[in-house]
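**Student:** coordinates for the following, if possible.
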Amino acid sequence: MGSTSAGRLDDIDQRIIAILQADGRRPYSQIAEDLAIPASSVRYRVQRLEETGVLQIVGIANPLTIGFDRFAMVGLRVRPGTAPEVCRALRELPETSYVIMTAGGYDVMAEVICRDTEHFTDLMNRRLHLIDGVVSTDSFFVLEVHKLAYGWGVGEVETGLPNAPEPPREAGLDQR
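**Tutor:** As a prediction, this is how the structure comes out:
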C-alpha cells in the first residue's frame, strides 16, 4: 500500500484522490472498477487517507447563496513572532474558514464568513482585533465568487469519469 505522507502517495492513492476531487460522492465500487482494484482496497485507502489528514471529503457551499451576506478576506499584520499564535486563535473562531500564515504585505490571511454587516463588525471589533499579537487588519469583501476549486495536488490524473456537465452560466460559479 502507498505511503500517506504528502508528496509520497502512490499512483493508486493519487488516482483515488483525483476521482474523489471530481466527484466526492462516487461509490467505492465504481472507483474500484475504474482502477481495476477491489472495492475493499478503495475503502481501506480512503479511510487511511482520511485518518492521516491527507484527504477530507466535505460538501462545499457558496456562502453568498445560503444566507451569509458578508464573505471577506482579512489581511492581518501581527507583532513579530506572534503569527503562529494568532493563526491558532483565528482557527478557533467559527467565522473563519481558511487561515494561513503568509510572507509579504500581511503576516496572516483569514477568510471569514458572516451573516451580515453587524455580525462582521462584531467579529472584527470585539474578537479579531482583540487577539494578542494583532497590530492591524485590512478587509477585502467578496462581491461574487467565480471559482471555488479543490481539485489540486495530484496533477493530471485520468479519473475514468465522463466529462462533467458545465454548471449553468447563471450560477456564476466555477468549481472545476
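
**Student:** show me which helix or strand of the protein is least confident by mean pLDDT.
**Tutor:** Least confident element among the helices and strands of the chain, by mean pLDDT, DSSP states H and E: helix 11-22 (a mean of 90).

**Student:** my read: residue 112 touches residue 94, true?
**Tutor:** No - the criterion here is Cβ atoms under 8 Å, and residue 112 misses it with residue 94 at 9.8 Å. Using the backbone N, CA and C atoms, a C-beta is placed for each residue, glycine as well.

**Student:** and these two? which has more neighbours close in?
**Tutor:** Using other Cβ atoms under 10 Å as the criterion, residue 112 and residue 94 rank with residue 112 on top: 26 against 8.

**Student:** I'd guess the more buried one is in a strand, am I close?
**Tutor:** Yes - with DSSP: H, G, I helix; E, B strand; the rest coil as the criterion, residue 112 is part of a strand.

**Student:** all numbers from here: first residue = 32
**Tutor:** Taking 32 as the first residue, the last one we looked at is residue 143.

**Student:** which non-adjacent residue is nearest it?
**Tutor:** Among residues not flanking residue 143 along the chain, residue 126 sits closest, at 4.7 Å (Cβ to Cβ, 6 or more residues apart in numbering).
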